[in-house]
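*Asks:* coordinates only, sequence not included:
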C-alpha cells in the first residue's frame, strides 16, 4: 500500500487526496503536517483515521517511510515546502503556483533541476480531455503550424479572490500567478514552445476601495444594498436557499486589496508564434468562458471548457468539424489525470505529464507578466540573474 505524507491539508489537496481512490490503487494518508491538526483530528474524518499528525515537515519526513508527498499549503509556502521534500528524492504533488517571487523560482529550479523522482504540478487544464484532443489535432497537422493563439478566461467565481484569504496579496502574488499560470502553461504545452518575450497590463477597476480591510459582510451597514453581500447573492442572484446570515465573506471593496480584477498578456514564442491572453474576474453566470483559438494557415481550432466543445474551422474548404464532450468532471477532467500520474509516479516511477519544469516555466512567465504590467515595459522570459 502506498504511503502518502501531506504538508498543508487544505481544501484543494484534501479533495485530491481523496480522489486518488477512484483508481482502486491501494494507498493511505500516513501523515499530515498542518497548523490545524487539532481541528482536523476533532473532525474524526474516517479517511484520516490512521493518520499520524506531525508538528513540522522535517519531523514527518524523517520519521515516516513515505512513497510520496503532497504539498497543499497556501501559495507563498509552496516553494519552501517543496524544497524541504527535495533532499528525500520522493515523488511530489505540488499545488500551483509553484512559486510567487523570482527568488522562489530560482530556488525551486536549483533544487529540482536534476531531481530523480517524478513531480506532478497541479495543472489539470493541460491534461483535460479537451486539451489532449487539441494536442492530437495539432500533432496530426490538422491546421498546419500554429501561428497565433487568442486565449480567454472570464472567471464566473472571481469574487473568491477578494472576499476570502486569496485577497492577501503577499500570500498569492497577484492573479497572473493564480489563474494565468494554468492558461499560459497549456498554451506553451500545445505550441511546444517556450515564450521568449512578453508585455502585459493589469488593472483594478471594480474591487478594492475604501472600506475597512477586516470588514465582514454580515457586519456592514450596506447589507441590503451592496450587490456583493450575502443578502443580494440570494435576493438578486438567486444563489442558495436562503440568506446566509453566518457568512464569513469579507468586503470586496476594502482598501488593502491589491489583486487586479482584469489583465492581459501578449507573448512571442521562440519560433515566432504569438499569443494573447486575457482574464476577467467580474464576469458572471453565462458570461463565463475559458479556452482559446489557435490559428494555422489551413485552419482554426476553437475550444471552450464551459461549452465542452472543440470546433475545427477549415480555411480551404467551407466546412466545420465539431467535437462535443459530455459529462462534468472536476477541473474539466484534468484532476483524474493528475491523480493517475501521481499514483503511477509513486508506484512505478512513471514520468509526470505536468512536471516541475512546466510549473517553473509557467510561474516565471507569470512573474514577468506581473513585472511588465507594473513597469510598463516589454520583458524577456528568462531566469533572473
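*Replies:* Good, I have the coordinates. None of the values given here were measured: they were computed from a predicted structure.
*Asks:* Leaving out chain neighbours, which residue sits closest to residue 334?
*Replies:* Of all residues not flanking residue 334 in the chain, residue 124 sits nearest, at 2.5 Å (CB to CB, 6 or more residues apart in numbering). C-beta: built from backbone N, CA, C; applies to glycine.
*Asks:* Can you tell me the number of residues neighbouring that neighbour?
*Replies:* The number of residues packed around residue 124, counting by other CB atoms under 10 Å, is 23.
*Asks:* same deal with residue 55?
*Replies:* Residue 55 has 11 neighbouring residues, counting by other CB under 10 Å.
*Asks:* Bridged to the residue nearest to it when sequence neighbours are not counted, which residues?
*Replies:* Distances taken as CB to CB, 6+ apart place residue 33 nearest to residue 55, at 7.2 Å, with adjacent residues excluded. Taking DSSP bridges as the rule, residue 33 bridges to residue 7, residue 54.
*Asks:* now do residue 92
*Replies:* As for beta bridges, residue 92 partners with residue 69, residue 119 under DSSP bridges.
*Asks:* list the contacts for it?
*Replies:* Residue 92 sits next to 68, 69, 70, 71, 82, 85, 117, 118, 119, 120, 356 when contact means CB atoms under 8 Å, 6 or more residues apart in numbering.
*Asks:* For it, give its distance to residue 245.
*Replies:* Residue 92 is 42 Å from residue 245, where distance means CB to CB, to the nearest Å.
*Asks:* And the helix or strand that contains residue 85, what does it pack against?
*Replies:* Secondary structure from DSSP states H and E places residue 85 in helix 78-85. Counting contacts by 3 or more CB pairs under 8 Å, 6 or more residues apart in numbering; DSSP states H and E, helix 78-85 is packed against strand 2-7, helix 57-63, strand 68-71, strand 92-94, helix 102-112.
*Asks:* tell me the phi and psi of residue 276?
*Replies:* Taking degrees, to the nearest 10, you get phi -120, psi 140 for the backbone angles of residue 276.
*Asks:* Would you mind naming the residues that bridge with it?
*Replies:* Beta bridges link residue 276 to residue 150, residue 266 when assigned by DSSP bridges.
*Asks:* Quick check, pLDDT for the nearest residue to residue 169 once chain neighbours are set aside.
*Replies:* Among residues not flanking residue 169 along the chain, residue 258 sits closest, at 3.9 Å (CB to CB, 6+ apart). At residue 258, the model reports a pLDDT of 98.
*Asks:* what's the distance between residue 258 and residue 210?
*Replies:* Distance from residue 258 to residue 210, counting by CB to CB: 14 Å.
*Asks:* out of these two, which sits in the busier spot?
*Replies:* Neighbour count, other CB under 10 Å: between residue 258 and residue 210, residue 258 has more, with 15 against 7.
*Asks:* any idea how far residue 363 is from the more buried one?
*Replies:* Taking CB to CB, one finds residue 258 at 19 Å from residue 363.
*Asks:* cool, residue 43 as well?
*Replies:* Taking CB to CB, one finds residue 43 at 33 Å from residue 363.
*Asks:* In the stretch 151-300 of the chain, where is pLDDT below threshold?
*Replies:* Within the stretch 151-300 of the chain, no stretch falls below the threshold (pLDDT under 70).
*Asks:* where exactly do the strands run in it?
*Replies:* Per DSSP state E, counting those that start in this stretch, the stretch 151-300 of the chain carries strands over the ranges 195-203, 262-269, 274-280, 289-295, 299-304.
*Asks:* Which helix or strand lies directly C-terminal to the lengthiest helix in the chain?
*Replies:* Using DSSP state H to define each element, the chain has its longest helix at helix 356-375. Next along the chain after helix 356-375, taking DSSP H and E as the criterion, comes strand 379-380.
*Asks:* Straight-line length of stretch 141-151, end to end?
*Replies:* Distance across stretch 141-151, first residue to last, is 20 Å (CA to CA, to the nearest Å).
*Asks:* my bad, should have said stretch 374-385
*Replies:* Using CA to CA, one end of stretch 374-385 lies 20 Å from the other.
*Asks:* Run the chain-centre distance for that stretch.
*Replies:* When C-alpha coordinates are averaged (CA atoms, centre = their mean, to the nearest Å), stretch 374-385 and its chain have centres 22 Å apart.
*Asks:* Likewise for stretch 47-56?
*Replies:* Put simply, stretch 47-56 sits 26 Å off its chain's centre (CA atoms, centre = their mean).
*Asks:* and what of stretch 23-43?
*Replies:* For stretch 23-43, the separation from the chain centroid amounts to 22 Å (computed by CA atoms, centre = their mean).
*Asks:* ok, now stretch 300-315?
*Replies:* Taking mean C-alpha positions (CA atoms, centre = their mean), stretch 300-315 and its chain are 22 Å apart.
*Asks:* List the buried residues for that stretch?
*Replies:* Buried residues in stretch 300-315, counting neighbours by 16 or more other CB atoms under 10 Å, are found at 300, 301, 302, 303, 304, 305, 307, 308, 310, 311, 312.
*Asks:* Look at residue 43 and residue 363 and report which has more neighbours.
*Replies:* Each of residue 43 and residue 363 has its neighbours counted (other CB under 10 Å); residue 363 has more, 30 against 9.
*Asks:* Give me the domain ranges for the chain.
*Replies:* Per the record, the chain has its domains at 2-124+336-355, 126-206+257-330+362-380, by automatic domain parsing.
*Asks:* Just put those in a markdown table and tack on distance to residue 223.
*Replies:* Formatted as a markdown table, these follow (distance: least, CB to CB, whole Å):
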| stretch | distance to residue 223 |
| --- | --- |
| domain 2-124+336-355 | 27 |
| domain 126-206+257-330+362-380 | 14 |
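*Asks:* Nice, that's everything, thank you.
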